[in-house]
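Student: one predicted model, sequence on top.
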Amino acid sequence: MIRLIRQTLALLLALLLASPALHAANPPRVGVVLGGGGARGFAHLGVLQELEKLHIPISCIAGTSAGALIGGAYASGQHLDTLEQQFAAADWDTLLAGKPRREDMPYQRKHNDAKNYFDLTFGYREGQVRLPPAAINAQAIDLFIRQLTGARNAASFDELSIPFRAVATDLENGDAVVFDKGDLSLAMRASMAVPGMFAAVESDGRLLVDGGLARQLPVEELKGRCADVLIVVDVGTPAVPREQLNNFLNVLDQTTYLMVARNSKESLARLGPDDILIRPQLDGFTPADFASNGRIIEAGRQAARAQAARLGLLAASDADYRQWQADRNMPPAPRIDQVQVNGDFHFINPQVIDDKLTISSHLGLSSFHQRLQDVFAEGDLERLDYTLQQQDGQNIAQVDAHERSTGPNYFRSGLELRSSSRGNATFSLLGEYRRSWLNSAGGSLLAEAKVGEEPTYSAEWDQPLSANSPLFGSLSGSYGEKNYSLYVQHQSEAQYSRTTRSLFADAGWHFGELGEARAGWYRSSNNLQLTVGSRSDNLNDYTSQEQGVRLLLALDQLDNPRWPRSGYAARLEARAPQGREGGAQVPPPSGSLSLDAVTTDQRDISWRFSLRGGYSAPRDNTNVFELGGFRYLSGYQPGELLGRQMLFARSMMSWRVASLPSAIGTGLYVGASAEVGRMRSLISNNQDSGWLPGGTLFMGADTLLGPLFMGIGQTKHGQLTGYLNLGVEY
């Protein structure tokens, strides 16, 4: 008996002495759990960078939402330094706008978007009013994710360089859905699909949204399955303090927090004493602060360094870690050898999509994505998904094209407000109807209405010669009313009302996204009547009808017509009357010019240089130009300077000083402009002549209702005038 006890004790002692060696030979498997948090999730990248510095090999990763983005890209084999560079270089404003870059849009789809239409387009089809499926279209985000992951498609996510799981939520029943195979980018995008903001992702018959609603910290996916020790990174938004629960925005944030907090607590309760929880200090960063990715990444590094002592216990030997890194290199991005397009088309000519996506030689992944973006920019597709299939050694991209659910009948509405401290105020309601694909060649109809003190109505039929042809014909007509005031010593002494009806028949050439040139015939009738005050010797009542030819060249490469940061725009129009009714003398040609160029410097200050000009013959009252109003010699009232030859130049700077809550708008700006203008062949009785300098100081906000401006302006001989405007001049 004593001998048996001695043998047992000796065996236990040998096992205890051998355990450190066994531990060193078989280090614990480390799993990393990356939670959701929007832009706050960039901190995951910083944590992973510190884990690499500590030589901690990762056995598996599970991620939700932003954690799925970072974790999926890393698991696919992407290097962290490359990820950081790509995040820093990304145009987050464009990615999250849900629209293609304006510079890439066809001119005919953007030529009037400086008008203050709300950023909501709804449609009508099959007897139903149709709203967009989400606030933000995810096409650009999807391609960005595919670029990060090399468009990986795996029979099992265990085959990735690091085994990976992404968690989404079933929108119908709230269950957690775990992706463990298939299209990696689809899994990542489904996990990030914030309900309402992004459209739900359909997979295997389920509608999937952000995984944070079901499993914010997917501890369950790794615990005991592929990891002995977990490193959990929590970047979730904290609760809103009670004293701040006094407005609807904070209440909405708190509601989201409550939905996520409960499942987070349940997951954290599963952690053991050896598991490590990292919570980066992200005070001041919101889930929408994508532009702050560099600082958020640094916050992740600092949080990991604070736990370096515990994390260091999980380190592997140098040799083992080098081998682990060598095993997880990312395979090269595939090349595209062939493209096949599928889709259930109701109004788009499918041959047009086929022609634009057909390739005659191999395409790299980036070039293929740009081709998809170009097609998406045409405006009638909601998304372009694709999967890669291998056949006879070739990579075949199977593209699924989805028409816009709101098409082909699109409606927009908006409003404009112009007011000044000197009592002038106008308010207008805007409406637009656009019908695309009237025929297989891509004909379209655009009708617009502006209802208010100066109503205008217009309609245009644009018809390409054939599908994908740059040659087009156009028929259009318009009706408009315009009020003119004649000022004496800055006081309105008389008011005139002009009514104009016009018809145009043009032929032209679309330069893709750059612009267009057109030439054609026009016929117009004008009626001018005095409505208030005494007649001026320079402006008499008249009724005239004329016809002639016109030339028009328009270019537009501004990145944003409301708050441009780069690009240029130009418009040049010339008219040559060929006859007037009643044998009246035919006036000489007239024309107008508009030029804009914008750049943004390293201090993030945007500079805009503008030139406006107009010419008509002396005594010709059918082509009248005006100066005055906000940022057009602001010390004068709108239209206070009237004449037949006008030249105006402006240099303007603006600086974004703050962000606005997403429920209100995007940014808050301050700016100033220096202006100079000259009016010749004056119609008004104003004696101001020669070159008139002026300037404006303003604040602006990019709101959901449109650009809102408050400013003051002063011009030589003019008065100090304040302005409140909604919408920009165009």
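Tutor: Cool, got the structure.
Student: check what contacts stretch 613-629 and list those residues.
Tutor: 418, 420, 484, 524, 526, 528, 539-540, 542, 544, 546, 575, 587-588, 590-594, 633, 636-648, 677, 679, 681, 683, 723, 729 (CB atoms under 8 Å, 6 or more residues apart in numbering). All C-beta atoms are positioned from the backbone trio N, CA, C, and that covers glycine.
Student: all strands of the stretch 1-150 of the chain, in order?
Tutor: Ranges of strands within the stretch 1-150 of the chain are 30-34, 60-64, 122-125, 128-130, based on DSSP state E, counting those that start in this stretch.
Student: which among those is found nearest to residue 153?
Tutor: Smallest distance to residue 153 across these (CB to CB): 18.2 Å, for strand 60-64.
Student: and the closest one, what does it pack onto?
Tutor: Judged by 3 or more CB pairs under 8 Å, 6 or more residues apart in numbering; DSSP states H and E, the packing partners of strand 60-64 are strand 30-34, helix 66-75, strand 164-170.
Student: ok, residue 250 - contacts?
Tutor: 240, 244.
Student: do the same with residue 148
Tutor: Residue 148 touches 69, 73, 76, 78, 83, 86, counting by CB under 8 Å, 6+ apart.
Student: distance check, the third one against residue 152.
Tutor: What that stands for is residue 76. Relative to residue 152, residue 76 is positioned 5 Å away (criterion: CB to CB, to the nearest Å).
Student: tell me, what's touching the two both at once?
Tutor: With CB under 8 Å, 6+ apart as the test, residue 76 and residue 152 both reach 160, 184.
Student: as CSV, the helices and strands packed on strand 60-64 with distance to residue 397 and mean neighbour count would be great.
Tutor: Below are those laid out as CSV (distance: least, CB to CB, whole Å; neighbours: other CB atoms under 10 Å):
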stretch, distance to residue 397, mean neighbour count
strand 30-34, 30, 29
helix 66-75, 20, 30
strand 164-170, 23, 28
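Student: restricted to buried residues, select the contacts of stretch 613-629 in ChimeraX.
Tutor: To isolate the buried members of the contacts of stretch 613-629 in ChimeraX, using 16 or more other CB atoms under 10 Å:
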select :418,420,484,524,526,528,539,544,546,575,587,590,591,592,593,594,633,636,637,638,639,640,641,642,643,644,645,646,647,648,677,679,681,683,723
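Student: figure out which of the helices and strands packed on strand 60-64 is closest to residue 414.
Tutor: helix 66-75 (33.9 Å).
Student: tilt between the closest one and strand 164-170?
Tutor: Going by axes from the mean of the first three to the mean of the last three CA atoms, to 10 degrees, helix 66-75 is angled at 150 degrees with respect to strand 164-170.
Student: now helix 66-75: how far from the chain's centre is it?
Tutor: A distance of 23 Å separates the C-alpha centroid of helix 66-75 from that of its chain, computed with CA atoms, centre = their mean, to the nearest Å.
Student: one more: stretch 411-421?
Tutor: On CA atoms, centre = their mean, the centre of stretch 411-421 falls 22 Å from the chain's centre.
Student: tabulate the contacts of residue 148 (TSV), appending pLDDT and distance to residue 250.
Tutor: Shown next, in TSV, are the contacts of residue 148 (pLDDT from 0 to 100; distance: CB to CB, whole Å):
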residue	pLDDT	distance to residue 250
69	97	26
73	95	33
76	93	38
78	92	37
83	95	33
86	95	33
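Student: any idea which of these is closest to residue 142?
Tutor: Distances from residue 142 to the contacts of residue 148, taken by CB to CB, are shortest for residue 69, at 11.7 Å.
Student: before we move on, back to that, I'd like the helices and strands packed on strand 60-64 as CSV, with distance to residue 502 appended.
Tutor: CSV is the format used below for those (distance: least, CB to CB, whole Å):
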stretch, distance to residue 502
strand 30-34, 60
helix 66-75, 52
strand 164-170, 54
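Student: out of the ones you listed, which is closest to residue 371?
Tutor: helix 66-75 (22.8 Å).
Student: need the winner for burial among the strands of the stretch 1-150 of the chain.
Tutor: Ranked by mean neighbour count, the strands of the stretch 1-150 of the chain are led by strand 60-64 with a mean of 32 (mean count of other CB atoms under 10 Å).
Student: look up how far residue 290 lies from the residue most central in space within the chain.
Tutor: Most central in the chain under CA atoms, centre = their mean is residue 97, positioned 2.2 Å from the mean C-alpha point. Noted for residue 97: a distance of 12 Å to residue 290, by CB to CB.
Student: quick one: terminal-to-terminal distance for stretch 269-286?
Tutor: 26 Å (CA to CA, to the nearest Å).
Student: how far out from the middle of the chain is it?
Tutor: That offset, for stretch 269-286, works out to 32 Å (CA atoms, centre = their mean).
Student: how far away from the center of its chain is stretch 108-115?
Tutor: With CA atoms, centre = their mean, you get 15 Å for stretch 108-115.
Student: what's the average pLDDT for it?
Tutor: The pLDDT scores in stretch 108-115 average 88.
Student: CA atoms of it as PDB?
Tutor: Below are the C-alpha coordinates for stretch 108-115, written out as PDB (Å, rounded to 0.1, in the frame of the first residue of the first chain):
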ATOM      1  CA  GLN A 108     -27.500  64.100 -68.600                       C
ATOM      2  CA  ARG A 109     -28.000  62.600 -65.100                       C
ATOM      3  CA  LYS A 110     -26.400  65.400 -63.200                       C
ATOM      4  CA  HIS A 111     -26.800  68.600 -65.200                       C
ATOM      5  CA  ASN A 112     -29.500  70.000 -63.000                       C
ATOM      6  CA  ASP A 113     -28.600  68.600 -59.600                       C
ATOM      7  CA  ALA A 114     -27.400  72.000 -58.300                       C
ATOM      8  CA  LYS A 115     -31.000  72.700 -57.900                       C
END
